[in-house]
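Asks: Need coordinates for the below:
(4 chains)
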Number of protein chains: 2
Amino acid sequence: MPAVSDCINMLDSETKAVETPEDHAEELRLWLRLLTCTTLIEGEVRGRLRQRFDVTLPRFDLMAQLDKAPDGMTLSDVSKRMMVSNGNVTGLVERLVDSGHLDRRTSETDRRVQVIRLTKLGRAEFRRMAAEHETWIADLFADLTPKDVRELMRLLAKTKASAQKSAARRRS
Amino acid sequence: MPAVSDCINMLDSETKAVETPEDHAEELRLWLRLLTCTTLIEGEVRGRLRQRFDVTLPRFDLMAQLDKAPDGMTLSDVSKRMMVSNGNVTGLVERLVDSGHLDRRTSETDRRVQVIRLTKLGRAEFRRMAAEHETWIADLFADLTPKDVRELMRLLAKTKASAQKSAARRRS
DNA sequence: CCGAATTGTTTTAAGCCTAAAATGTTTCCA
DNA sequence: TGGAAACATTTTAGGCTTAAAACAATTCGG
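Replies: Modelled structure (predicted):
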């Protein structure tokens, strides 16, 4: 068994290790921990929204997007921002229009487009929920120092950029 | 308008700010960024699993739990580990039993309990998928240095502990 | 100007997910 | 020992989510 060939097989022309079953256990553990944190917090927020306001998390998220856009958004915009499928938004919006929280109208200039906005009721209810929601988040992250928060922001920005790059690589 | 009383209202007996609509915008932004990262990566993994192996992410996650437990797990165990509801696991397991990936049997000693295991087929298929899955994760996190990974692990551990504490506070 | 590609939305079919109630089983303790 | 409490799972009802196909409207190139 020539050890040399093993070594050669691990090196490409630029002397970087390739084709070796590399150990990516650390990244895997990081991903699982990231997922655990998100699932934990998301579940907590979901439960509190239901108990306090009898509203679901997706509805709250959609209203949060619209609260930032006084002039309304198209369904596609919402879909991209929330990172969910188009069909998903259709149903979500339908239920929120039925409950009187959203106003939906077809664009004057492009009849393909639906523009949705918060109604007065929708905005009032969202603001009320959002104020309390913010305190929940603060409490969930309470043990992090301001420095921890800054550092996490930085590292997660880097993570997001890395993942987006990887996703773009695959699509191309 | 006595400015003094405003000030007094903002201080408790230990001279710390309380009862003030504090600014938790940083924590909120952190939470949204965390959620974005997770959603982005999760969506990417979901898509790759579907395209390469025609398997859903929840099925993959369940098999991953069982791969770590050669002696099998009860449905409750799985439910806690995956942080999903009991009823959810019931359906997921049913489909995986039907497709021949899981073996399910009632415990000899406690007839309430169902013990599930990977079948030979289930284990083989999972191992095949897991190997590739690990490379996807490595690629998604590729721009993070080993130091970034360590630091993120540390901060997310702190975040998890903080959130668990907050959740426990609410339940009590 | 006309057809082809593109864009925005909805529909469809299937699966995922939750909370709460129901069912069956075991344990505990008075 | 008998019944209440605890436990494990399933069922129910409703909503969320996706991918893919279908539909409708606009834009673009020849």
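Asks: Report the distance from stretch A:150-169 to the chain centre.
Replies: In terms of CA atoms, centre = their mean, to the nearest Å, the centre of stretch A:150-169 is found 13 Å from the chain centre.
Asks: which residues are contacting it?
Replies: Outside stretch A:150-169, the residues within contact range by CB atoms under 8 Å, 6 or more residues apart in numbering or on different chains are A:34, A:144, B:26, B:29-30, B:33-34, B:36-37, B:40-41, B:44, B:139-144, B:148, B:151-152, B:155-156, B:159. All C-beta spots, glycine's among them, are computed from the backbone N, C-alpha and C.
Asks: cool, stretch A:37-46 as well?
Replies: Stretch A:37-46 is touched from outside by A:56-57, A:133, A:136-137, A:140, B:31, B:34-35, B:38, B:83, B:156, B:159-160, B:163-164, B:166-167, B:170, with contacts defined as CB under 8 Å, 6+ apart.
Asks: quick one: is it near DNA strand D?
Replies: No - figure legend: stretch A:37-46 not in contact with DNA strand D (CB under 7 Å from any atom of the strand); closest approach 9.4 Å.
Asks: and the contacts of stretch A:37-46, which are buried?
Replies: A:133, A:136-137, A:140, B:31, B:34-35, B:38, B:156, B:159-160, B:163-164, B:166-167 (16 or more other CB atoms under 10 Å in any protein chain shown).
Asks: give me the element the residue of chain A found nearest DNA strand C is part of.
Replies: Relative to DNA strand C, the nearest point of chain A is A:Gly87 (2.5 Å; CB to the nearest atom of the strand). Here A:Gly87 sits within helix A:86-98, counting by DSSP states H and E.
Asks: quick one: A:Met73 from A:Met82, how far?
Replies: 10 Å (CB to CB, to the nearest Å).
Asks: can you check A:Arg50 too?
Replies: Between A:Arg50 and A:Met82 the distance is 19 Å, computed by CB to CB.
Asks: following the worst-scoring helix or strand of chain A on mean pLDDT, which helix or strand comes up?
Replies: Within chain A, no helix or strand scores below helix A:3-9, which has a mean of 43 by mean pLDDT, DSSP states H and E. With elements assigned by DSSP H and E, the helix or strand that comes after helix A:3-9 is helix A:25-53.
Asks: which parts of chain A sit against DNA strand D?
Replies: Residues of chain A lying near DNA strand D (CB under 7 Å from any atom of the strand): A:56-59, A:83-88, A:91-92, A:95, A:110-112.
Asks: buried subset of the residues you listed?
Replies: Among those, those scoring as buried are A:Pro58, A:Arg59, A:Val84, A:Leu92 (criterion: 16+ other CB under 10 Å).
Asks: And those residues, which is closest to B:Asp67?
Replies: Nearest to B:Asp67 out of those is A:Val84 (CB to CB; 29.8 Å).
Asks: confidence score at that closest one?
Replies: The model reports A:Val84 with a pLDDT of 98.
Asks: What helices and strands are in contact with the helix holding A:Gly87?
Replies: On a contact count with 3 or more CB pairs under 8 Å, 6 or more residues apart in numbering or on different chains; DSSP states H and E, helix A:86-98 meets helix A:57-67, helix A:75-82, strand A:102-106, strand A:114-118.
Asks: Now do the longest one: distance to the chain's middle.
Replies: Pointing back at helix A:57-67 there. Using CA atoms, centre = their mean, the offset of helix A:57-67 from its chain centre is 12 Å.
Asks: List the buried residues of that helix.
Replies: Going by 16+ other CB under 10 Å, helix A:57-67 has these buried residues: A:Pro58, A:Arg59, A:Phe60, A:Asp61, A:Leu62, A:Met63, A:Ala64, A:Gln65, A:Leu66.
Asks: Run through who's touching that helix.
Replies: Helix A:57-67 is touched from outside by A:42, A:45-46, A:49, A:72-73, A:78, A:81-82, A:89, A:92-93, A:95-96, A:101-102, A:116-118, A:122-123, A:125-127, A:129-130, A:133, with contacts defined as CB under 8 Å, 6+ apart.
Asks: Quick one: mean pLDDT for that helix?
Replies: On average, helix A:57-67 scores 98.
Asks: Wondering if that helix reaches DNA strand C at all.
Replies: No - using CB under 7 Å from any atom of the strand, helix A:57-67 never reaches DNA strand C; the gap is at least 9.3 Å.
Asks: Let me know the angle separating that helix from helix B:25-53.
Replies: Orientation of helix A:57-67 against helix B:25-53 (axes from the mean of the first three to the mean of the last three CA atoms, to 10 degrees) gives an angle of 120 degrees.
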